[in-house]
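K.L.:
make a model of this:
(chains A, B and C)
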Amino acid sequence: MSLAIARQPARQAPRPGGLARAQARTGLLLVLPAMVVFCAVILFPFLDSLRRAFYEDTLMTTEPVFIGFGNFVQLWEDGTILGTWIVTVVFVVLATAATFALGLAWAIVLNERFRGRTLVRALSLLPWVLPSTVVAFLWAWLLNGQYGLLNAVLLTFGVLDEPVAWLATSSGAMAGVVAAKTWLSIPLFSAFLLAGLQSLPREQVEAARIDGAGNWHVFRHVAWPHLRPTIAVLLVLGALGNLQQFDVIYAMTGGGPVRATTVMSVEVQRQAFQAWNLGLAAAVGVVWFLTIVGPAFLRLRGVMKEA
Amino acid sequence: MLDAKLGRRALLGGAAALAASGTARAQGGTLTYVGWSQDEAASKPVLTQAFDGFRSANPGIRLDVVGFPWAQMQQNLVLRQRSNQPQDVVQLAERWLPQFARVLRPADMREVLGAEIAQAIDPGLLRIGQVGGAQLGLPWTAASIGMVANRKVLADAGVTEAPRTVDAFADALRRIKRSNAEVVPYAFATKNNLTMSPDFQVWLWTFGGRLFDAEDKVAVESDAARAALTFLVDLTKEGLIARDVDRPDARRLFGQNRTAFYHDAPLARGFARDNSGQGAAFDANVAAFATPVLRTGDATRSLMWGHLLVLPNARGARIGADSAAAKLVRHLAMDDEVQLRYFRAVGLFPVTRSALAKLGDDAYVVEWARNAGTAEMDEPSTWPNAADITNIVGEEVQAALLQTKPPAQAIGDMANRLRRATANQRRT
Amino acid sequence: MLDFASRSARWVFAATFLVLAAFLGFPVFWMVSTAFKPTAEIFVRFPTLLPAAPTLDNFRGVLGQGDLPLWLTNSLLTAGGAALLTTVLATLAAHSFARFRYRGRKPLMALMISAQMFPFAVLLISLYPLLQAAGLLDTRLGLTIAYIVFALPTGTYMLFSYFVRLPEELMEAARIDGASELGILLRVVLPVSVPGLVTVGLYSFMWAWNDLLYAMTLVTSPELRTVGPGLLMSQLGEMRQDWGAAMAASLVASLPVVIAFALVQRWFVQGLTAGAVKG
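P.N.:
Numbering: from 1, shown residues only, chains lettered A, B, ... in the order given. Okay, the predicted model is just below:
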């Protein structure tokens, strides 16, 4: 391919008029189906929810009433939103970081050849496939104070004198839901990272080996730079997924003890489907949206630039 | 963006048109029932049988049975109601009625079924379906969240007589703890707001306190409330109440003879049969237990509990005694045969006098029914924002039990938060 | 990638493998063990690793009831349909974003990604009347379409970042040979993008497969119910919580997906080695 064609014409100046217009038309045509669906099932509900945040819309109001920033004022006056916000950030950061670290280690393990690798790869998908409510319960059970396995083991080996209710303290409950969520999403993370590792050209590794590089050096200076784009995407996806996480937390701790694991999604569910305050629920959603949109775009900036 | 232009109003307008055709269909013979019990594995066979029985007795009526999980029932009822989906007969928990009375605007059962109701069902039981003097729900099964005692655990600890007063109760708990450290003497709920709030209210009432007074003002900032919470906190400090216990945990502990007391609906005996793995043989260990009282002679406290059948009627149409909906309600809640079969299958108490009379030789049922005679309505549920109030009560009780704040402060915070939560609300 | 010449490297590898395998595997093992236990053995203070009196009752109960295959079919249909739809739509959109220039392209991308950050539970409140107006409430198609919410934006974004890295020469060569834009997408871009497509499909499938909230709300007929809500309603309701049966049902329901993944994975690895993808 010695033709004098630029590598990335997309970055070039627009081509002569007709061609550019034809190109734009094809591009729009391709994006159209996705856009139609996107507008119907995502954008419309999204805008509708944004609007609702400025209305009083509860079970008792027959017609939503515009109240400006009333819902936001109420959130602030209730005094719980700050706590919820902090709990959310702590959960998302811990769960994403733990999943990333363990998922990367697991991907490196699965990238090596060993007997039964295919089976192990398939089986390690299980946490992701099992119904999440059952998984949440399973973890709550393992950590239960009265008949949990963790206590049984620790009591048997004399580490504990009497059973501990692990999920009854703020930090214990947070650690518990982080562990369960980490367990659940390791398959996703390691599948992504494994795909990244597999696309690493063998010659690059071999070249580094010839230069006398050890395992750490190969990982740090060959694999890591290669994985970097994957990691950027993965961290954003992971953080978004953890932000949307509801089932596990709700089933494991219900947001407690007190409000120690009440993340935004639990609060939204409470406001929307227990308290029937749809306007307030939407307002919580807006606060959450504003929190995440900045950091997410900052992280994605690199990839967006390529556009 | 063409879809974004569609306002919700327009959508709901379209929905209303759709629903209007749905109503027409209902008049043409389709009856929509919405509930949860018919989908739960335990009650599925018996209720399937009950619905099939109704279908074969009424070949002219097309019965459509719609189910949601218990925990998602309310949200789905609201969504269905808002979008005018048909729902002719609805199963409700008694606690949901005050809120849903506003949403579903149910027909008064006395106007639908007439004097029949008062003849068939005891007025004490009918209370659980009443809001503002109207009989908006017909009890399908009715009893209380009362207490159960495990006879074996009590006997093993040498407690021969069921404690009747609060002090005797605390002493019994201590003896049980001394006799067997692996037993949680009292499995008070310490985990879930939905169960902590009722369990706490029972003690609050026992000590003479209320969450709200007769004028709907917050009344919880009282010596009685502080004494009640302090009592529970002290039991926790002594290790007589365990942390991280919810209803399902309590039921398992009970079935394994690892707790002496806990609060539950009459289904407790069925849970014990299952969890013990011994079936009906375990019944000998299960006793209905009257919540202890402060002074001998006080009435024992418990919470009203039951399932209701409700006829949503937002348009205010006249529902006759011979309508399809009335027939279904009568078949489920007032047919002794159906009621007793339901009781035998899952242990839910029947509501009709005649069906209850046939259970006169079951001490558990008789005892339970007697204790339930003084049961009271869950206080938060009469507020439109019941879930908020339940969460506030649960959270403050839990904070005290986990000793993150002293009981007096928890009660003070509870009162402040309740005042804020009820400031702009009106009670049903 | 790693070199196991040194003993310490082997030790570190083995230790990492064992620790992670135990963390990932133990809960699964516990589920399997529990599924074979009679109720009385399950919630005891000192549970045994293996059932003392193994029983097939839980499986018999779950399979005998006859609902599980139905739920499984519904789950596979809706999640599979959502995965397919999402992948097709995302491929078209991502190709457009990656290869064409037109006004509004960047704002469109930004909009798609932003909408993904709004709580799904809140979106549901507006989605419900929409699906109802379209007559899609309580249909498999409606649920499938709703599931697009979960992964279309991220899927588009994932494929975009994949496509944008493909060398332009590939496409120019085809263009010179007179291929149409659709032909280029089908015959040039897709064959080298199999891993990306599989990943997006899998991602979308898993979100839908694990969903509880949408399935519970948007579908009400018993014959359309999916695994999550089905299990929740029948085994973990107000009256009875039968965890032995819930474990058994979860395992039975998950098996087809694990098998499918094992098959896809082989293909996935082939796609990787066959494709001329150089990062």
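K.L.:
now do A:F100 against C:T78, distance only.
P.N.:
30 Å (C-beta to C-beta, to the nearest Å). Where you see a C-beta, it was placed from the backbone N, CA and C, and this is true even at glycine.
K.L.:
of these two, which one has the most company?
P.N.:
Taking other C-beta atoms under 10 Å in any protein chain shown, A:F100 and C:T78 do not tie; C:T78 has more neighbours (29 against 21).
K.L.:
quick check, central residue of chain B?
P.N.:
Geometric centre of chain B, nearest residue: B:W305, 3.6 Å, by C-alpha atoms, centre = their mean.
K.L.:
just confirm it is within a strand.
P.N.:
Yes: under DSSP: H, G, I helix; E, B strand; the rest coil, B:W305 falls within a strand.
K.L.:
is it correct that it is in contact with B:E94?
P.N.:
Yes: assessed by C-beta atoms under 8 Å, B:W305 is found in contact with B:E94 at 6.2 Å.
K.L.:
overlap in contacts, those two.
P.N.:
Both B:W305 and B:E94 are contacted by B:I128, B:A142, under the criterion C-beta atoms under 8 Å, 6 or more residues apart in numbering or on different chains.
K.L.:
B:A387 contacts A:Q271, doesn't it?
P.N.:
No: contact criterion C-beta under 8 Å: B:A387 and A:Q271 do not qualify, at 9.0 Å.
K.L.:
so the two - more neighbours on which side?
P.N.:
A:Q271 (26 against 22).
K.L.:
helix, strand or coil for the more buried one?
P.N.:
Following three-state DSSP, A:Q271 is assigned to helix.
K.L.:
do you know how far it is from A:G279?
P.N.:
Distance, A:Q271 to A:G279, by C-beta to C-beta: 9 Å.
K.L.:
ok, now B:A399?
P.N.:
According to C-beta to C-beta, B:A399 stands 28 Å off from A:G279.
K.L.:
the two - which one has more neighbours?
P.N.:
With neighbours defined as other C-beta under 10 Å, B:A399 and A:G279 compare such that A:G279 has more, 24 against 20.
K.L.:
ramachandran coordinates for that one?
P.N.:
Dihedral pair for A:G279: phi -60, psi -50, per degrees, to the nearest 10.
K.L.:
skipping adjacent residues, who's closest to it in space?
P.N.:
Nearest non-adjacent residue to A:G279, counting by C-beta to C-beta, 6 or more residues apart in numbering or on different chains: A:D57, 4.2 Å away.
K.L.:
number of nearby residues for that neighbour?
P.N.:
Per other C-beta under 10 Å, the neighbour tally for A:D57 reads 24.
K.L.:
A:F66 is in contact with that one, correct?
P.N.:
No: here A:D57 does not reach A:F66: they are 10.0 Å apart, not a contact under C-beta under 8 Å.
K.L.:
which residues are in contact with the residue in the stretch 1-150 of chain C that chain A sits nearest to?
P.N.:
When scored by C-beta to the nearest C-beta, the stretch 1-150 of chain C has C:F100 as its residue closest to chain A, at 2.6 Å. Going by C-beta under 8 Å, 6+ apart, C:F100 touches A:A10, A:Q23, A:A24, A:T26, A:G27, A:L28, A:L30.
K.L.:
how confident was the prediction at it?
P.N.:
pLDDT for C:F100: 82.
K.L.:
figure out the helix or strand that the residue in the stretch 151-279 of chain C that chain A sits nearest to lives in.
P.N.:
Nearest residue of the stretch 151-279 of chain C to chain A, counting by C-beta to the nearest C-beta: C:A262, 3.8 Å away. Assessed by DSSP states H and E, C:A262 sits inside helix C:243-274.
K.L.:
who does the residue nearest to the centre of chain B bridge with?
P.N.:
With DSSP bridges applied, B:W305 shows beta-bridge pairing to B:A143.
K.L.:
quick one on the thing from earlier: can I get the contacts of C:F100 in TSV including neighbour count and secondary structure?
P.N.:
Below are these laid out as TSV (neighbours: other C-beta atoms under 10 Å in any protein chain shown; DSSP: H, G, I helix; E, B strand; the rest coil):
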residue	neighbour count	secondary structure
A:A10	17	helix
A:Q23	19	helix
A:A24	17	helix
A:T26	18	helix
A:G27	20	helix
A:L28	17	helix
A:L30	22	helix
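K.L.:
what's the closest of the residues you listed to chain C?
P.N.:
When these are compared for distance to chain C (C-beta to the nearest C-beta), A:G27 comes out closest, at 2.6 Å.
K.L.:
what's the spacing between the closest one and C:L108?
P.N.:
11 Å.
K.L.:
now swap in C:W209 and tell me
P.N.:
Distance, C:W209 to C:L108, by C-beta to C-beta: 29 Å.
K.L.:
where does B:Y364 sit: helix, strand or coil?
P.N.:
Assigned with three-state DSSP, B:Y364 falls in the helix class.
K.L.:
please name the residues that touch the residue nearest to A:G279.
P.N.:
Going by C-beta under 8 Å, 6+ apart, A:D57 touches A:P64, A:V65, A:N277, A:L278, A:G279, A:A282.
K.L.:
which of those fall within helices?
P.N.:
Counted as lying in helices by DSSP state H, out of the contacts of A:D57, are A:L278, A:G279, A:A282.
K.L.:
can you add pLDDT and give the residues you listed back as a markdown table?
P.N.:
Formatted as a markdown table, the ones in helices among the contacts of A:D57 follow (pLDDT from 0 to 100):
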| residue | pLDDT |
| --- | --- |
| A:L278 | 86 |
| A:G279 | 89 |
| A:A282 | 91 |
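K.L.:
what's the closest of those residues to B:S276?
P.N.:
A:L278 (44.3 Å; C-beta to C-beta).
K.L.:
hmm, B:F261 is touching B:A187, no?
P.N.:
Yes: here B:F261 reaches B:A187: they are 7.0 Å apart, a contact under C-beta under 8 Å.
K.L.:
do you know how far whatever residue of the stretch 101-250 of chain B ends up closest to chain C is from B:Y262?
P.N.:
Using C-beta to the nearest C-beta, B:P248 is the residue of the stretch 101-250 of chain B that sits closest to chain C, at 5.3 Å. B:P248 sits 11 Å away from B:Y262, going by C-beta to C-beta.
K.L.:
ok, those two, which is more surrounded?
P.N.:
Neighbours per residue (other C-beta under 10 Å) separate B:P248 from B:Y262, with B:Y262 holding more: 25 against 19.
K.L.:
assumed that one was part of a helix.
P.N.:
No: looking at B:Y262 with three-state DSSP, it is strand, so not inside a helix.
K.L.:
can you pull the contacts of it?
P.N.:
Per C-beta under 8 Å, 6+ apart, neighbours of B:Y262: B:M147, B:V148, B:Y186, B:A187, B:F188, B:R247, B:A250, B:R251, B:L253, B:F254, B:A268.
K.L.:
keep only those residues that also lie close to chain A.
P.N.:
B:L253 (C-beta under 8 Å from any C-beta of the partner chain).
K.L.:
out of the contacts of B:Y262, who's nearest chain A?
P.N.:
Distances from chain A to the contacts of B:Y262, taken as C-beta to the nearest C-beta, are shortest for B:L253 (6.1 Å).
K.L.:
tell me how many other residues surround C:I113.
P.N.:
21.
K.L.:
please identify the helix or strand for it.
P.N.:
Secondary-structure assignment from DSSP H and E places C:I113 in helix C:105-115.
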